[in-house]
Each structure stands twice: as structure tokens, then as C-alpha cells.
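Visitor: Based on what follows, work out the 3D shape:
(one chain, ligands or ions: 2)
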Amino acid sequence: MGTIFSSIKDCLNKMFSQSDNKSINKDEFNIIPQSEEKNIKNTKNINGKSIPLLTLSDDEDKKEINNNKKLSSSKGDNEKEKDAYQSKEFKSKVTLNDFQIIKLLGKGAFGKVLLVYNEELKKYFAMKTLRKDYIKKNQQTKHTKEERKILEKIDYPFISKLYYAFQNEKKLFMITEYMPGGEMFYHLHMNDHFNENKARFYIAEIVLAIDHLHKNNILYRDLKPENILLDELGHIKLTDFGLSKIMNNIEKDRTYTVCGTPIYVAPEVLTGQGYNKLVDWWSVGVLLYEFLAGYSPYREARTKIDIKIYKKNLVQDPLISDTAFDLIKKFCTFDVSKRIGKNFEDIKNHAFFKDIDWVKLEKKEITPPYKPKIRFAGDVGNFDTMFTDMSIHSTKRNKEVLVNSSTIKNTKNTYVGFTYIDDKSKK
Ligand SMILES: Nc1ncnc2c1ncn2[C@@H]1O[C@H](COP(=O)(O)OP(=O)(O)O)[C@@H](O)[C@H]1O
Ligand SMILES: [Mg+2]
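Guide: Ligands and ions are numbered 1, 2, ... in the order given. As a prediction, the model looks like this:
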């Protein structure tokens, strides 16, 4: 306990070698909708996280950047593109060339996330890149569009904000605020577990974020420490809407897609009988347990998925107080009809949160329990060196355009409407 690990890899290797040897070799991947599972054979567990290896190598990246440069310098080849570029409307549009690539921050199923810098705004951003061919091959087009739509729609203190979305022939790009505090995954495993005050603060901000999504008819479906980031002050930011779903009416509708991450997912997602917003509250319960005890109560689901795992009575780890455990049990109630969360007030009013001022919390007026160490703007010190030490070939800033929206429409592009610019960010 309390050991400082030099990297997440060391940390996880140590954790697994002490406790559950089998889990080192077992995958803990996102579950892909059943019909699509066969396409995800290439996945491999990296450092205990759910990161399928389906991404570009650095060489491919370099090749692509060169292709982009060729494309952008051949304006004359396509008069329509040229006209669009010169039009007033298009000048306000943003492309890959507006961003200098600094570092790799993380890798996921269909692309990667890079730290980028915009010279004009003198600002760092995170750029999520998704490869269109992988997305199409794995039938993830709908999820990707949904992710982009949600990010655009939502503007909330504890949810990642989309500044720009654009695309070229091969990739989709989403530009969000850079969260220099790093992943909750990193902090949790550096600390082994959190004390109750710290866990309460994070869970309370997460609870507000989930409720805000639900109020906007959005199911989140992928709550886990890797998708919770910290800003420079230590407030949480929910990211990754790749598995989220926009419902017509979240209070009435059910959905059926089997997706999520086994140790956090609610059991009714796996049975295929339909589920609703209560799946997110189950995951909040798992997270609270993990924050306090340092491990997931359903960690067996890492090696085998069996509904019995989720049915068993939870064991109260000595690090978990009675009040916290009571709330965890209410979140992780197998019988959905008895689970807490139908009314948000029931969660807010639980004794575990009795000292939380929800109004102040939402306004970010409560000082976070921990301020991440950030040495300078663009510091990646809170991210795993496994990613940040990888070499990235940066693009030179180039005022010419790569692909414009009119070309996109004219080429029967599947991602019409993907491009997005947040006006407020152009101050
Ligand atoms: N805005 C951001 N600021 C800093 N890091 C980010 C940001 N967005 C994503 N990341 C990093 O990239 C990782 C993968 O991003 P995510 O959106 O979760 O993609 P995936 O769908 O591939 O899991 C995150 O776990 C985090 O480490
Ligand atoms: Mg993720």
C-alpha cells in the first residue's frame, strides 16, 4: 500500500502479481455489440486498461500527414474546393493544419488522442482522431456520429467540451479542451485508493455529470476511471461518448445494445432484455466501491462474464464505511426496479452526501481535494509515459485547407454534418 509506481504499467503488474495472476493475461475490453465481436480480434490488453490495438503506427501517421500536405497544396485540382476555401463562410472553418501535434495522450479502439497546440489561440487542446475505415469495418459509424452530436450538444462544467470537429478523407477529428490533470485511472492507482472525502467529492461531481446527461436523454454507458479526467484545479471532466446513446425519452425508452466494460457494466446490459438509464447508476456504485477500496467488486468479470458474478452479495471492504456501503448497495442492486436512481433526489439526499452543497458543487465553488501537479502549459506529466514518450511527427502550420464541407457533401460522405465549430471558442 502507498507505493509510488514509476508508471501505470509497473503499478498494474504489481497489483496483478500480488492478487490475481490470471487477470494479467485476460482481456478487459469494451464489449462490442455481439454481431460485431468478430471484427475486434486484433485487440490486446495494454496495462490493464481497455485499449484495443487498432491504431496507426507512427509511420502511417507520417504518411498521412504527407498526403494531407499534397491534398492541401493541390487546390487547383478541385475548383469547388478552392471556391469554398475562399468563401467567407469557409475561412472561419478549422482544419488539421491549424493544430500542431505535440504528444500522444492515449489510444483507444478506433484511433488515438493527441495533445495539440493552436498558434492563433495560443491554446492547447486534445484531438481525438478516429479512422474512418476502422469505424466502418467495425460498424461503429452510428456510435461515432452519436459521440460527436453529444459533445456538441452538451455544455456542462463536468463534461468534456467540443470546440471543433472536422475530417479529411481518412479520419475524423474532434477537438476538446485539454485536461492536464490526467485520468482518474492514473490517480487512483497511484494512491491505491482514495479516502472517503476525496471519493465523495469525485463521485458527487460524477453524479451531477451523469444526471445532466440523463436530463438531456443521453445514456452514458461507459463509466470507468479511464474516461474521467481531471482539469488543472482537480475537478472532474467526463470524456469519451463513444458508447453513449441519445434516447427519445430516457424515462420511458429501453435500449438493447450489449456494450460497456465488464467490470463496470450493469448486469441487465448483458442479458439482452433491454435496459434504461439505471445502468449508469450501477456503474457509479462500482466506481465508488473502487475509489474507496482500490479494486472493483466485480473484478472476476475481467476473466469470465457470468451473470452470477453480479448477483452475489457485495462484501464490505474494511476501507468502506457503513454509510458509503449502503449507497454502493443501493446503486449495485441487481433488481433494477429496486435500484436507486429513478429519482435523482434520492441520490442527492443519501446520507453519504449529507455534507455536499450541490449548488456550490455545480458552480465549482468547492475546492477539489487534490490539485494536479502541472509544471507548465501543455505539461503531460499526469499521463502515462507509455503514450507520451512515443514519437509523434508534428505538422507544420499551413493556412491551406484539407477538405471542405462542400466537398464532403458532394462525395456522398457518410459523415455529413460531422464538422463543427464552437463559436465561443473563437474569441
Ligand atoms: N480532453 C482530453 N484531455 C486530456 N486527455 C484526454 C482528453 N480526451 C481524451 N484523453 C486521453 O485519451 C484517452 C482516450 O480517449 P477517449 O475519448 O476515452 O477515447 P477511447 O474511445 O479511445 O477510449 C483518455 O482515456 C485520456 O487518457
Ligand atoms: Mg475511453
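Visitor: Now do stretch 240-247: distance from first to last residue.
Guide: By CA to CA, to the nearest Å, the extent of stretch 240-247 from end to end equals 17 Å.
Visitor: Show me which residues of the stretch 101-250 of the chain are close to ligand 2?
Guide: Within the stretch 101-250 of the chain, the positions lying close to ligand 2 (CB under 5 Å from the ion) are Asn227, Asp240. (Glycine included, C-beta is placed from N, CA and C.)
Visitor: What segments of the stretch 101-250 of the chain are helices?
Guide: For the stretch 101-250 of the chain, the helices defined by DSSP state H, counting those that start in this stretch cover 132-137, 141-153, 184-191, 196-215.
Visitor: any chance of the ones you listed in CSV, with mean neighbour count too?
Guide: What follows is the helices of the stretch 101-250 of the chain, written out as CSV (neighbours: other CB atoms under 10 Å):
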stretch, mean neighbour count
helix 132-137, 17
helix 141-153, 19
helix 184-191, 20
helix 196-215, 21
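Visitor: nearest to ligand 1, of these?
Guide: Closest to ligand 1 of the helices of the stretch 101-250 of the chain, according to CB to the nearest ligand atom: helix 184-191, at 7.3 Å.
Visitor: Using PDB, write out every CA atom in that closest one.
Guide: Extracted as PDB, the C-alpha positions of helix 184-191 are listed here (Å, rounded to 0.1, in the frame of the first residue of the first chain):
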ATOM      1  CA  MET A 184      -8.700   9.200 -12.700                       C
ATOM      2  CA  PHE A 185      -7.300   5.700 -13.500                       C
ATOM      3  CA  TYR A 186      -3.800   7.100 -13.100                       C
ATOM      4  CA  HIS A 187      -4.500   8.900  -9.800                       C
ATOM      5  CA  LEU A 188      -6.500   6.000  -8.300                       C
ATOM      6  CA  HIS A 189      -3.700   3.500  -8.900                       C
ATOM      7  CA  MET A 190      -1.000   5.900  -7.800                       C
ATOM      8  CA  ASN A 191      -3.000   6.300  -4.500                       C
END
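Visitor: Report the mean confidence score over that helix.
Guide: For helix 184-191, mean pLDDT rounds to 95.
Visitor: Stretch 325-338 now?
Guide: Here stretch 325-338 scores 98 as its mean pLDDT.
Visitor: for stretch 252-259, same thing?
Guide: 93.
Visitor: Endpoints of that stretch, how far apart?
Guide: Span of stretch 252-259 from end to end, CA to CA: 20 Å.
Visitor: Can it be said to contact ligand 1?
Guide: No - using CB under 6 Å from any ligand atom, stretch 252-259 stays clear of ligand 1, coming no nearer than 11.8 Å.
Visitor: And for Asp155, the neighbour number?
Guide: By other CB atoms under 10 Å, the residues close to Asp155 number 12.
Visitor: go on, Lys373?
Guide: Neighbours of Lys373 (other CB under 10 Å): 11.
Visitor: How is it assigned, secondary-structure-wise?
Guide: coil (DSSP: H, G, I helix; E, B strand; the rest coil).
Visitor: Would you mind listing the residues in contact with it?
Guide: The contact partners of Lys373, taken as CB atoms under 8 Å, 6 or more residues apart in numbering, are Gly381, Asn382.
Visitor: Return the residues of the stretch 1-150 of the chain in contact with ligand 1.
Guide: For the stretch 1-150 of the chain, the contact set with ligand 1 under CB under 6 Å from any ligand atom comprises Leu105, Gly106, Gly108, Ala109, Val113, Ala126, Lys128.
Visitor: With distance to Cys332 as new columns, can the helices of the stretch 101-250 of the chain be given to me in a markdown table?
Guide: Below are the helices of the stretch 101-250 of the chain laid out as a markdown table (distance: least, CB to CB, whole Å):
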| stretch | distance to Cys332 |
| --- | --- |
| helix 132-137 | 33 |
| helix 141-153 | 26 |
| helix 184-191 | 18 |
| helix 196-215 | 13 |
